[in-house]
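Undergrad: Based on what follows, work out the 3D shape:
(2 chains)
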Amino acid sequence: MTAGREAAPGREAETPLKRGQRGGDPGKRWMLAFQAGDERAFDEIVRHYHDGVRRFVGRYFSDPHRAEDISQEAFVRVYRARKRYRPTAKFHTWLYTIVTRLCLNEIRSRRRERRAIPIQSGVGPQPDIAEADPARSIPDPRTEAPQAVIEREELEDVLRDAIDGLPDNQRIAILLLRFHEASYREIAEVLGISTMAVKSLVNRAREALRGKLGRYRAGHPRGA
Amino acid sequence: MITRNDAYGEAGQDRPNGPECNQAAEWIGLSIDGEIDAADAAALASHLESCDACRRLDAEQREDWSLLGSLPEPPSVDADSYVGAVRHEIRAATRRRIARLVPAAAAAAVIAVAALFVGTRETAPDADFLQSVPVLVDLRSETRDLDEEMIGRIFDRLDPTAEAEPEEGFELELFLEEELEGTRL
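TA: Predicted structure coming up:
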């Protein structure tokens, strides 16, 4: 994260990932302590980073159950990888490399599963649990007016469709940029590509989003 | 580099003013992402003052970025509960891995115990030692009482990649370390 960056509209003042970087990369210190046998250091890592990981994965997948499984699996991988951890990069970059690989693996595995479904069975690809979960669309009347609920859900659906429609790497780049204030360089490290490639990814993603969100914007002019 | 049509729409509306607008479109993205340097930011600001199309593009892209912030996120959970859940998942994952690897690991361990015996003892094994073999190889049993040093020596004799799971990249040696350390959870 670069000091003096322009404040983008709608960006949170501080993300969980940003908090993780204050104090000279505490994750790195905890990981080294964990490597040296301090089990409590692992708990600190989970305590400190779970929020950011859950939010990232929760936005990556629309199925909340799958997202929770993958978030927890990320920390299981951290636990198992402690002996191999080398403090060459920022801890959160290493952590998000694990997280994004899990996301990509999950997506690929799902695609394989879908391809493997025999056509003769008449069983098509199953919708995400979240999509089929009626509880997801029930507004909370205690906190929101029905019209507001409808509008919020419409926007959420548009955003979800827009994000889901992005190629995997573009989706990762956009989520890291928008919600975790990652720099191009950090995204490049996470994805294992050059910063120029990240720039190109982000540009393409932004244009794809502009096309999809443009239709929403047209129907919801500002100030209307 | 994004193209003019990318940045300004396929329909060609708001056709920009040439290369300057292409550059501005790129700068707008960099600006939103906090990746623009001061000189380019100043040049962008200057261009936006005189170009309606780029001003519109800038406003739309910033609005999109703002809208994106409405993407729902999972509800917060209690940190200590989450730590407990992760610890539980580590134990469960460990059990699953043990269950998957037991047949191969047990066979390998028997061979390794024999190798260990040959390498370290000059006399026939005593009954106690032989009785310990099933305990050593039954990785599904409670591992709390296993002799870690003994297990370590056994598996030092094994090819560490022999039972690796390529798709996960975990070596058997590391796996066993984890299983043993997992007993402290």
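Undergrad: mind listing what's buried in stretch B:46-60?
TA: Within stretch B:46-60, the residues that count as buried by 16 or more other C-beta atoms under 10 Å in any protein chain shown are B:His47, B:Leu48, B:Cys51, B:Ala53, B:Cys54, B:Arg55, B:Leu57, B:Asp58, B:Glu60. Glycine gets a C-beta too; all of them are placed from N, C-alpha and C.
Undergrad: can I get those in TSV with secondary structure, pLDDT and distance to chain A?
TA: Putting the buried residues of stretch B:46-60 into TSV (DSSP: H, G, I helix; E, B strand; the rest coil; pLDDT from 0 to 100; distance: C-beta to the nearest C-beta, whole Å) gives the following:
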residue	secondary structure	pLDDT	distance to chain A
B:His47	helix	95	16
B:Leu48	helix	95	14
B:Cys51	coil	94	17
B:Ala53	helix	93	14
B:Cys54	helix	95	14
B:Arg55	helix	95	14
B:Leu57	helix	93	9
B:Asp58	helix	95	11
B:Glu60	helix	93	6
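Undergrad: Just name the closest of these to A:Val76, please.
TA: B:Glu60 (41.7 Å; C-beta to C-beta).
Undergrad: quick one: contacts for the closest one?
TA: Listed by C-beta atoms under 8 Å, 6 or more residues apart in numbering or on different chains, the contact partners of B:Glu60 are A:Arg210, A:Gly214, A:Arg217.
Undergrad: Just checking, which helix or strand of chain A averages the lowest pLDDT?
TA: Lowest by mean pLDDT, DSSP states H and E among the helices and strands of chain A is helix A:129-132, with a mean of 35.
Undergrad: Residue of chain B nearest chain A, please.
TA: B:Gly34 (3.1 Å; C-beta to the nearest C-beta).
Undergrad: does that residue sit in a helix, a strand or a coil?
TA: coil (DSSP: H, G, I helix; E, B strand; the rest coil).
Undergrad: roughly how far apart are it and B:Trp65?
TA: 11 Å (C-beta to C-beta, to the nearest Å).
Undergrad: Which of those two has more residues huddled nearby?
TA: More neighbours surround B:Trp65 than the other of B:Gly34 and B:Trp65, with 22 against 18 (other C-beta atoms under 10 Å in any protein chain shown).
Undergrad: May I ask you to confirm that the more buried one belongs to a strand?
TA: No - using three-state DSSP, the assignment for B:Trp65 is helix, not a strand.
Undergrad: pretty sure it contacts A:Arg178?
TA: Yes - contact criterion C-beta atoms under 8 Å: B:Trp65 and A:Arg178 qualify, at 6.7 Å.
Undergrad: Distance of A:Val198 relative to A:Pro167?
TA: In terms of C-beta to C-beta, A:Val198 sits 13 Å off from A:Pro167.
Undergrad: try A:Arg110
TA: 15 Å.
Undergrad: buried residues in the helix or strand hosting A:Glu153?
TA: Taking DSSP states H and E as the criterion, A:Glu153 maps to helix A:146-164. Applying a neighbour-count criterion of 16+ other C-beta under 10 Å, the buried positions in helix A:146-164 are A:Val149, A:Leu155, A:Glu156, A:Val158, A:Leu159, A:Arg160, A:Ala162, A:Ile163.
Undergrad: Tabulate the CA atom coordinates of it in PDB.
TA: In PDB, the C-alpha atoms belonging to helix A:146-164 read as follows (Å, rounded to 0.1, in the frame of the first residue of the first chain):
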ATOM      1  CA  PRO A 146     -39.300  -3.200   1.900                       C
ATOM      2  CA  GLN A 147     -38.500  -0.900  -1.000                       C
ATOM      3  CA  ALA A 148     -35.000  -0.400   0.300                       C
ATOM      4  CA  VAL A 149     -34.600  -4.200   0.600                       C
ATOM      5  CA  ILE A 150     -35.700  -4.700  -3.000                       C
ATOM      6  CA  GLU A 151     -33.300  -2.100  -4.300                       C
ATOM      7  CA  ARG A 152     -30.400  -3.300  -2.200                       C
ATOM      8  CA  GLU A 153     -31.000  -6.900  -3.400                       C
ATOM      9  CA  GLU A 154     -31.300  -5.700  -7.000                       C
ATOM     10  CA  LEU A 155     -27.900  -4.000  -6.700                       C
ATOM     11  CA  GLU A 156     -26.400  -7.000  -4.900                       C
ATOM     12  CA  ASP A 157     -27.600  -9.200  -7.700                       C
ATOM     13  CA  VAL A 158     -26.200  -6.900 -10.400                       C
ATOM     14  CA  LEU A 159     -22.900  -6.700  -8.500                       C
ATOM     15  CA  ARG A 160     -22.700 -10.400  -8.000                       C
ATOM     16  CA  ASP A 161     -23.400 -11.100 -11.600                       C
ATOM     17  CA  ALA A 162     -20.800  -8.500 -12.700                       C
ATOM     18  CA  ILE A 163     -18.200 -10.000 -10.400                       C
ATOM     19  CA  ASP A 164     -19.000 -13.600 -11.200                       C
END
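Undergrad: residues in contact with that helix?
TA: Against helix A:146-164 from outside (C-beta under 8 Å, 6+ apart): A:59, A:62, A:137, A:139-140, A:144, A:171, A:174-175, A:208-209, A:212-213, A:215-216, B:67-68, B:70-72.
Undergrad: Among those, name the buried ones.
TA: A:59, A:62, A:171, A:174-175, A:208-209, A:212-213, A:216, B:67-68, B:71-72.
Undergrad: Let me have those in CSV, adding secondary structure, pLDDT and distance to B:Arg91 as columns.
TA: CSV is the format used below for those (DSSP: H, G, I helix; E, B strand; the rest coil; pLDDT from 0 to 100; distance: C-beta to C-beta, whole Å):
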residue, secondary structure, pLDDT, distance to B:Arg91
A:Arg59, helix, 92, 28
A:Ser62, coil, 84, 29
A:Arg171, helix, 95, 32
A:Ile174, helix, 95, 35
A:Leu175, helix, 94, 30
A:Ala208, helix, 93, 42
A:Leu209, helix, 93, 41
A:Lys212, helix, 89, 43
A:Leu213, helix, 90, 44
A:Tyr216, helix, 85, 45
B:Leu67, helix, 91, 42
B:Leu68, helix, 92, 38
B:Leu71, coil, 87, 33
B:Pro72, coil, 85, 31
